[in-house]
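S.K.: need coordinates for the following:
(2 chains)
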Amino acid sequence: MKHFGGQVLFLDRSDINTDEIIPAKYLNENSREALKPNLLEDLKLPGFDLKKDIEGKGAILTRANFGCGSSREHAPWALEANGINIVIGESFARIFRQNMYNCGMIAAELPKSVIDEIFREFGTVGASLSLDMEKGILSFVNGGKGKNIPFMLQGFEKALVEAGGWVEFAAARY
Amino acid sequence: MGKTLAEKIFEAHVTDKPFGDTWVLKLDRVFCHEITTPIAINDLVSKKMDKVFDPGKIKAVIDHVTPAKDSKTAEQGKILRDWARRHKIKDFFDIGRNGVCHAIFPEKGFVRPGFTVIMGDSHTCTHGAFGAFAAGVGTTDLEVGILKGVCAFRKPETFKVNLTGKLKKGVYAKDIILAVIGRIGVAGATDKVMEFRGPAAEALTMEGRLTICNMAVEAGATSGVCMPDMVTVDYLWPFVGPDGDKTYAAKEAALADFSKWRSDDDAVYAGSVDIDCSSLDPLATVDYKPDQIRTIRQLKGTKIDQVYIGSCTNGRIEDLREAAAIVRGKKIADTVRGIVSPATTEVYNQALREGLVQIFMDAGFCVTNATCGACLGMSNGVLAEGEVCASTTNRNFFGRMGKGGMVHLMSPASAAAAAIAGVITVL
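M.R.: Here you go, the predicted model:
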């Protein structure tokens, strides 16, 4: 089973849209890897440094309605090309969320109060997270500090992640 | 207990419920364009699954970048073109016959009440104007749609938008949808079907309904939807009547059949909002989210560098007529670049026949071919850093029409008035 997690990129803003995640001018690319340098290129977030902040990250923690806007699956692909396969937020736009699971990636929703707490306690450089799929636990670690949060994938989303995506699931079933 | 239109469509199309709340629906239409489809095609080819579930239900167009602007977009067009030919997809629209996807597919009569439709484009919700469930999806959903003719959704809840009153002069469908999004916010209808009801919805033309359904996704909705009625029948009659596929001998029969697809009076909704359309003034967006709404009056005097009239929201003939009525006999300001993109080749032709193209050109507008063009900054009409555009499109995200640009969304009439004045102005 694929490992989900890594160093966390904290994006403390709601409504981060797909144009910010990967601008439309790169939609002429026919390879996923080509999107790598342009992830979050137009993100409007004070203090965010494209050149420094994405390098080495494996996960994103953000606020509400992440991925609103376009249907472009280039958004999850650009994340994956940078080694990020899990995004945790208060809520997601429907198409982005489905695209993540369709690619065998995870868009995990946690209550606002929990997200607030993680930002407060871990929202600094150096924090990392990992998901234990079997036990259903999301673990946040920073230095000597740690926190476990229950998160269990269920139903269709679990099946998609286990199958490796929707094409694999559908090809076998329909 | 009654059912919503979306529930009726889901129940009529469900083919599998693998996990309770997941409904796998049979698709009546899979629409494709050259931006999100080629990767799906390449993936199917690489997996030795280069098949289509039904070439008659798949419709394709090259619309985002047309004519191709560079080798990469040329390659995207080529992949789609070759694939359409290989699989005998009869309804494939290339340059000279093409148009913006959500304008050309309705124009060809491809969507009917009760249909399920997907496309790799978020504004696919537009087609719900016919009483269909039409959803934008990513490339993987599109790929499975092409191969198997199915797509998975959570059972959608329905959000009711009750539109009452009568629009004042100078206020249009675009102002209604901006008011709705401003009221409920960019995530106000996430994962829901946004159902437009009430006398002001019924009073809209099919073009107005396409405009309001188009922007349902800007409030997070999966689909926008209007109830089929005589307006729907009249629009589709050339395709379903005696001169079309002869499904119906008389309009009354079509109306009776289409009317199966409407929400029951006692249907249960997940939320609702009431908008009194008589109280609406012309509106526009500010900042970089489509729910940041001001009246045109509040923005009066805001300097603009470009006006864009076009797109899947407002590039139809009715939109061009409204804009041309403002522009007729006037010149656009020296400081403004005016761009009109008729949404389809047919709209362009109609605009030529009616003299609208001449009106725009006499006023100093550039009239382009049918394309998505400036809307998403992928093709012609990109803004420079710090430039401002009054636009009839549907998104004002940061960088949308070019890095560092600002887009104010508004109706074609308000955009035309801004072009003449050089600033946002009251009609």
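S.K.: sec struct for the residue nearest in space to the middle of chain A, please.
M.R.: By C-alpha atoms, centre = their mean, chain A has its centre lying nearest to A:V87, at 2.2 Å. Secondary structure, DSSP: H, G, I helix; E, B strand; the rest coil: A:V87 is strand.
S.K.: beta partners of it?
M.R.: According to DSSP bridges, the partner residues bridging A:V87 are A:I60, A:A107.
S.K.: cool, the one 5 residues further on as well?
M.R.: Listed beta-bridge partners, A:F92: A:F66 (assigned using DSSP bridges).
S.K.: could you do A:L9 as well?
M.R.: The partner residues for A:L9, given DSSP bridges, come to A:I60.
S.K.: tell me what the helix or strand encompassing B:A351 is packed against?
M.R.: According to DSSP states H and E, B:A351 maps onto helix B:345-353. With contacts taken as 3 or more C-beta pairs under 8 Å, 6 or more residues apart in numbering or on different chains; DSSP states H and E, helix B:345-353 sits against helix B:101-107, helix B:317-327. Where you see a C-beta, it was placed from the backbone N, CA and C, and this is true even at glycine.
S.K.: helix or strand right after the longest one?
M.R.: Going back to what we said before, that points to helix B:317-327. strand B:337-340.
S.K.: what residues does the stretch 1-150 of chain B have near chain A?
M.R.: With the criterion set to C-beta under 8 Å from any C-beta of the partner chain, the stretch 1-150 of chain B comes near chain A through B:15-16, B:18-22, B:24, B:35-36, B:38-39, B:42-43, B:47, B:49, B:64-65, B:70, B:72-73, B:75-76, B:79, B:119-122, B:124, B:136-141, B:143-144, B:147-148, B:150.
S.K.: restricted to strands, list the residues you listed.
M.R.: Here DSSP state E is the test, and the residues of the stretch 1-150 of chain B next to chain A give B:T15, B:D16, B:T22, B:V24, B:M119, B:G136, B:V150 as lying in strands.
S.K.: report the contact partners of the second one.
M.R.: Spelled out, that is B:D16. Contact analysis of B:D16 by C-beta atoms under 8 Å, 6 or more residues apart in numbering or on different chains lists A:R173, A:Y174, B:W23, B:V24, B:V150.
S.K.: beta partners for it?
M.R.: B:V24.
S.K.: can you report how many residues lie near A:D49?
M.R.: Neighbour count for A:D49, taken as other C-beta atoms under 10 Å in any protein chain shown: 8.
S.K.: just A:M133 next, same as before
M.R.: Neighbours of A:M133 (other C-beta under 10 Å): 17.
S.K.: rewinding a little: including pLDDT, could the ones in strands among the residues of the stretch 1-150 of chain B next to chain A go into CSV?
M.R.: Shown next, in CSV, are these (pLDDT from 0 to 100):
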residue, pLDDT
B:T15, 98
B:D16, 97
B:T22, 97
B:V24, 98
B:M119, 98
B:G136, 98
B:V150, 98
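S.K.: quick revisit: any idea which of the helices and strands packed on helix B:345-353 is most buried?
M.R.: Stretch with highest mean neighbour count among these: helix B:101-107 (a mean of 27; mean count of other C-beta atoms under 10 Å in any protein chain shown).
S.K.: for that one, packing partners?
M.R.: strand B:29-33, strand B:58-61, helix B:206-214, helix B:311-314, helix B:345-353.
S.K.: single out the most deeply packed of the ones you listed.
M.R.: Highest mean neighbour count among those (mean count of other C-beta under 10 Å): helix B:311-314, a mean of 30.
S.K.: and the nearest residue to B:D264 once chain neighbours are set aside, how far is that from A:E157?
M.R.: Spatial nearest neighbour of B:D264, chain neighbours left out: B:G2 (2.8 Å); criterion: C-beta to C-beta, 6 or more residues apart in numbering or on different chains. Per C-beta to C-beta, to the nearest Å, B:G2 is found 31 Å from A:E157.
S.K.: so for the two, which sits in the more crowded spot?
M.R.: Here B:G2 and A:E157 are compared on neighbour count by other C-beta under 10 Å; more neighbours surround A:E157, at 19 against 11.
S.K.: could I get the phi/psi values of that one?
M.R.: Phi and psi for A:E157, reported as degrees, to the nearest 10, are phi -60, psi -40.
S.K.: OK, contacts around it?
M.R.: A:E157 touches A:Y101, A:I106, counting by C-beta under 8 Å, 6+ apart.
S.K.: strands of the stretch 101-250 of chain B, start to end?
M.R.: Counting by DSSP state E, counting those that start in this stretch, the segments of the stretch 101-250 of chain B that form strands are B:116-119, B:133-136, B:150-154, B:157-164, B:192-197, B:223-226.
S.K.: what's the most buried one of these?
M.R.: Burial of the strands of the stretch 101-250 of chain B is given as mean neighbour count (mean count of other C-beta under 10 Å); strand B:223-226 ranks first at a mean of 31.
S.K.: what sits up against the host helix or strand of A:Y101?
M.R.: Using DSSP H and E, A:Y101 falls within helix A:94-102. With C-beta under 8 Å, 6+ apart as the test, helix A:94-102 has contacts from A:18, A:66-68, A:70-71, A:73, A:75-76, A:87, A:92, A:106-107, A:156-157, A:160-161, A:165-167, B:122, B:136-141, B:152, B:190-191, B:220, B:222.
S.K.: find the helix or strand that the residue in the stretch 301-427 of chain B that chain A sits nearest to is a member of.
M.R.: Per C-beta to the nearest C-beta, B:G399 is where the stretch 301-427 of chain B lies closest to chain A, at 3.6 Å. Counting by DSSP H and E, no helix or strand carries B:G399.
S.K.: contacting residues for it?
M.R.: By C-beta under 8 Å, 6+ apart, the neighbours of B:G399 are A:D19, A:E20, A:P23, A:D42, B:G377, B:G405.
S.K.: look up how far B:S379 lies from the closest residue to A:N99 other than its chain neighbours.
M.R.: Counting by C-beta to C-beta, 6+ apart, A:N99 lies nearest to B:G138, which is 3.7 Å off, once chain neighbours are set aside. Here B:G138 is placed at a distance of 22 Å from B:S379 (C-beta to C-beta).
S.K.: do the same with B:A84
M.R.: As judged by C-beta to C-beta, B:A84 and B:S379 stand 21 Å apart.
S.K.: A:I54 now?
M.R.: 28 Å.
S.K.: and the helices in chain A, which stretches?
M.R.: Along chain A, the segments classed as helices by DSSP state H run A:18-21, A:50-53, A:74-81, A:94-102, A:112-122, A:155-163, A:166-173.
S.K.: mind putting the ones you listed in JSON lines, mean pLDDT included?
M.R.: Shown next, in JSON lines, are those (pLDDT from 0 to 100):
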{"stretch": "helix A:18-21", "mean pLDDT": "96"}
{"stretch": "helix A:50-53", "mean pLDDT": "92"}
{"stretch": "helix A:74-81", "mean pLDDT": "98"}
{"stretch": "helix A:94-102", "mean pLDDT": "98"}
{"stretch": "helix A:112-122", "mean pLDDT": "96"}
{"stretch": "helix A:155-163", "mean pLDDT": "95"}
{"stretch": "helix A:166-173", "mean pLDDT": "93"}
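S.K.: of all these, which lies closest to A:S31?
M.R.: For those, the distance to A:S31 is smallest for helix A:74-81, at 9.2 Å, taking C-beta to C-beta.
S.K.: with just CA atoms, put that closest one into PDB.
M.R.: The C-alpha trace of helix A:74-81 is given here as PDB (Å, rounded to 0.1, in the frame of the first residue of the first chain):
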ATOM      1  CA  HIS A  74      -3.900  18.800 -13.800                       C
ATOM      2  CA  ALA A  75      -4.400  20.100 -10.200                       C
ATOM      3  CA  PRO A  76      -4.000  16.700  -8.500                       C
ATOM      4  CA  TRP A  77      -1.400  15.800 -11.100                       C
ATOM      5  CA  ALA A  78       0.700  18.800 -10.300                       C
ATOM      6  CA  LEU A  79       0.500  17.900  -6.600                       C
ATOM      7  CA  GLU A  80       1.500  14.300  -7.300                       C
ATOM      8  CA  ALA A  81       4.400  15.400  -9.600                       C
END
